[in-house]
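J.: test case, fold it:
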Amino acid sequence: MQTYKSQSDIDLAVEVLAAEDEGMARAYAEYGSPPLRSGQSGFEGLVGLLISQQVSTKAAAAIHARFHAEFPNAVPRDVLAASDEALAACGLSRPKQRYLRILAQAIDSGQLDIDKMAEAEDDKIFAELTALVGIGPWTADCYLLFNLGRRDRFPAGDLALQEGYRLLYSLNARPDAKQLAGLAERFQPHRAAAARMIWHFYDGERAKVKLLKQ
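T.: The predicted structure is shown next:
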């Protein structure tokens, strides 16, 4: 499987995209290459993504901090042994408590071999993860993209990615997940670099707006 291992890998992929696509060329000219953001693989990486589902970046960071203070080793058995009250004190909703326990049980029982899975092909990993309650396409694609560094994943359900695409390509309406997945097909085999570039562009545009309001 193809992965990004360094910033230069991202830079090269973005240069290829910019040479082939006007929108990518515009984003690259304005903001340069996106940084190589990555996360831990394994249980801790998936926990982080589950926490981040449907909450703001600021809220997710606060929950992360409380979770790691309570569970510094972040191993499945710690989560399985934890009380509802302990998980709730971290800021986890009841559904997320359930999802974390399902994930922890799958890994602890051997149903999900998280280490061996990391060596599998993208589609197999995606299927194994989304088979678990609480892990949808966004979480699986983000895990593949950020935590495993895969080169051709595109989390089309991400709202910031949808809005960033709308802004970059001057669309009247934000594309939904299905529409954006179709639009992103032209970026193959560099869809992960394209996603990173669109997020990077979106962050830059938001920063501009914030400055203008000051």
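
J.: C-alpha from now on. contacts and neighbour counts both.
T.: Fine.

J.: can you name the element that comes right after the host helix or strand of C142?
T.: Using DSSP states H and E, C142 sits in helix 137-142. Downstream of helix 137-142, the next assigned helix or strand under DSSP H and E is helix 159-168.

J.: hang on, isn't N147 packed against E44?
T.: No: assessed by Cα atoms under 8 Å, N147 is found out of contact with E44, at 10.0 Å.

J.: of the two, which one has the most company?
T.: Neighbour count, other Cα atoms under 10 Å: between N147 and E44, N147 has more, with 20 against 16.

J.: skip ahead from the helix or strand harbouring E44 and say which helix or strand is next.
T.: Secondary structure assignment for E44, by DSSP H and E: helix 42-52. Note on helix 42-52: by DSSP H and E, the next helix or strand toward the C-terminus is helix 57-70.

J.: now the angle from that next one to helix 42-52?
T.: Calculated by axes from the mean of the first three to the mean of the last three Cα atoms, to 10 degrees, helix 57-70 forms an angle of 140 degrees with helix 42-52.

J.: list the buried residues for the helix or strand just after helix 57-70?
T.: Once the chain leaves helix 57-70, the next helix or strand it forms, by DSSP H and E, is helix 76-81. By 16 or more other Cα atoms under 10 Å, the buried positions in helix 76-81 come out as 76, 79-80.

J.: for the residue nearest the centre of the chain, give its distance to V16.
T.: The residue lying closest to the centre of the chain (Cα atoms, centre = their mean) is C142, at 2.7 Å. According to Cα to Cα, to the nearest Å, C142 and V16 sit 22 Å apart.

J.: same thing with I198?
T.: 15 Å.

J.: and R206, by the same measure?
T.: Remark: distance between R206 and V16 (Cα to Cα) = 25 Å.

J.: shaky segments in the protein?
T.: 1, 214 (pLDDT under 70).

J.: longest single helix anywhere in it?
T.: Determined from DSSP state H, the single longest helix within the chain is helix 191-213.

J.: what's that one packed up against?
T.: In terms of contacts (3 or more Cα pairs under 8 Å, 6 or more residues apart in numbering; DSSP states H and E), helix 191-213 is packed against helix 7-20, helix 22-31, helix 159-168.

J.: only alpha carbons, please: show the longest one as PDB.
T.: Looking back up the chat, that one is helix 7-20. Below are the C-alpha coordinates for helix 7-20, written out as PDB (Å, rounded to 0.1, in the frame of the first residue of the first chain):
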ATOM      1  CA  GLN A   7       6.500  16.200   4.300                       C
ATOM      2  CA  SER A   8       8.300  15.800   1.000                       C
ATOM      3  CA  ASP A   9       5.900  13.100   0.100                       C
ATOM      4  CA  ILE A  10       3.000  15.500   0.600                       C
ATOM      5  CA  ASP A  11       4.800  18.300  -1.300                       C
ATOM      6  CA  LEU A  12       5.400  16.100  -4.300                       C
ATOM      7  CA  ALA A  13       1.800  14.900  -4.400                       C
ATOM      8  CA  VAL A  14       0.500  18.500  -4.100                       C
ATOM      9  CA  GLU A  15       2.800  19.600  -6.900                       C
ATOM     10  CA  VAL A  16       1.400  16.900  -9.200                       C
ATOM     11  CA  LEU A  17      -2.200  17.900  -8.300                       C
ATOM     12  CA  ALA A  18      -1.500  21.600  -8.900                       C
ATOM     13  CA  ALA A  19      -0.100  20.900 -12.300                       C
ATOM     14  CA  GLU A  20      -3.300  19.100 -13.300                       C
END
